[in-house]
Each structure stands twice: as C-alpha cells, then as structure tokens.
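Participant: Predicted model and sequence below, questions to follow.
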Amino acid sequence: MRLLVVEDEPRISEIIKAALERAEFAVDTVRLRADAREALANTAYDAAILDLGLPDGDGLNLLAELRPAGSRIPILILTARDAVVDRVTGLETGADDYLVKPFALEELLARVKALLRRRNPPDITREVLVFEDLELDTATRQAKRGNRLIDLSTTEYELLAMFLRNSRIVLTRSVLMDRIWGMDFEGGPNVLEVYIGHLRNKLEQHGEKRLIQTVRGAGYVLRVAD
C-alpha cells in the first residue's frame, strides 16, 4: 500500500517515512500544500497523513478541496493544534482521524492501519442492511434512502453499519467510540457528535424523518421516533 505524508518539518517527515517503510508501506513525502495537491491528483494513494501548518497555507484548505471534489482517501491529520475545537474542525472538514504532536510512532502506525482496515475490510461477503427506507450495501459501501443515493466517508459508513446491525438497540457513546475508532480518542465525545451530525444531514436532506435518535444521558439508537 502507498501512503502520502504531507509534513514540512524534514526531521519529522524522515522519522515517519522510516517507520512506515519498516511496516512495509510505500511512502511518498511532500512539504507543500501545492505538491500534495499534485501528488493526490496523479497517484492512487491508500491513505494520507496531513500536517496543517504548511509553508504555503493551511492543510485544512486542502482537505476542504478534496472532500467536495469526491475524494474518499482516508486522511489522518497530524498536527500540534491540540484544542478540542481544532480536532472537531478537522473532522468536520473531512479528516478520518486526528493525532496531536508530539506523538508515539506506535500509535501513528496503529491509527494508519485502523484507517486502512476500515477502508479495506477482509470480509467481502455481500450484505444489505435495511431499516425502514434506509439501505446499506456492505459490498459496494453504498447507502440509499428510498431511491436517493448517499455518499459516505469511511467513518460514516462504519458508524451507519453499526447502527443498522443494532437497530432499536441503544448504543452508548463509549461503545460507539470504542467500536468505531478502536482506541481512546483524544477528541472525546465531541468527535462522535460531529459524525452523528454528518450522518443526520446526509440522511435527512429532503425532509425524511429522523432515524438516528438521541437518548439523553445514554447515547444513540436507530429507530423511528415515538
């Protein structure tokens, strides 16, 4: 698998590249937003690691360009910005994960591998999950609300699949965080709320009734409101 590392600090870039190559990834590195844009346009990367404070602009602006253009490459933000608002902004803009510097290489590798597992699950058995007028095809990873197709990011797909497999069951915030991210995530429950908001926006674009309900003090549940 080939990864792109967008990092302007040469020493950090070299350390990340060496660690990923030891894990048997092919790695390209760039230090400018413009170079990252060109690399992503010309190479089919399996995932990218993106710093935000780049010499020619904010990495968030690059992310904001990619998602509306249809790019679904898993992206891990790696930055020194550690405020909760920064994490939430990064995830709302389209990142799949967020790691704050300084960081442990072991955690970086674990997060990259988790992103890749979610994008390329080993089980390719086709399953169509259905609740009311909502469908999710696990082979194509395509969601539908009635006849309307819904485009999902990697994390949104995993979250929706978990709701559909556990319809009418209240899923606590801690269970959702653990099952979707697979580890204690620094962004906390705010991150989950961001993704719940994304899913609701995509599922309710044409006035469709709400299916993901908030259970105050507990978590969320996929069901029709009483």
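Facilitator: Thanks, I have it.

Participant: Name the nearest residue to the spatially most central residue of the chain, ignoring sequence neighbours.
Facilitator: Here the mean C-alpha position of the chain is nearest to the C-alpha of Asp96 (Cα atoms, centre = their mean), at a distance of 2.2 Å. Distances taken as Cβ to Cβ, 6 or more residues apart in numbering put Pro74 closest to Asp96, at 4.7 Å, once the chain neighbours are dropped. Every C-beta, even on glycine, is put in place using the N, C-alpha and C of the backbone.

Participant: so the one you found touches Lys113, yeah?
Facilitator: No - assessed by Cβ atoms under 8 Å, Pro74 is found out of contact with Lys113, at 10.8 Å.

Participant: Comparing these two, which residue is more hemmed in?
Facilitator: The neighbour comparison of Pro74 against Lys113 (other Cβ atoms under 10 Å) goes to Pro74, with 24 against 15.

Participant: how near is that one to Gly146?
Facilitator: Using Cβ to Cβ, to the nearest Å, Pro74 is found at 29 Å from Gly146.

Participant: in the protein, which spans are strands?
Facilitator: Using DSSP state E, the strands of the chain run over 2-6, 26-30, 47-50, 53-54, 57-58, 75-79, 97-100, 128-131, 134-137, 142-145, 148-150, 171-172, 212-215, 219-222.

Participant: will you turn the ones you listed into TSV that also has mean neighbour count and mean pLDDT?
Facilitator: What follows is the strands of the chain, written out as TSV (neighbours: other Cβ atoms under 10 Å; pLDDT from 0 to 100):
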stretch	mean neighbour count	mean pLDDT
strand 2-6	22	95
strand 26-30	17	95
strand 47-50	25	95
strand 53-54	18	92
strand 57-58	13	91
strand 75-79	24	93
strand 97-100	21	91
strand 128-131	14	94
strand 134-137	18	94
strand 142-145	18	92
strand 148-150	13	93
strand 171-172	16	92
strand 212-215	14	94
strand 219-222	20	94
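
Participant: Which parts of the lowest-mean-pLDDT helix or strand in the chain count as buried, going by neighbours?
Facilitator: Lowest by mean pLDDT, DSSP states H and E among the helices and strands of the chain is helix 173-181, with a mean of 84. Neighbour counts over helix 173-181 (16 or more other Cβ atoms under 10 Å) mark 173, 176-177, 180-181 as buried.
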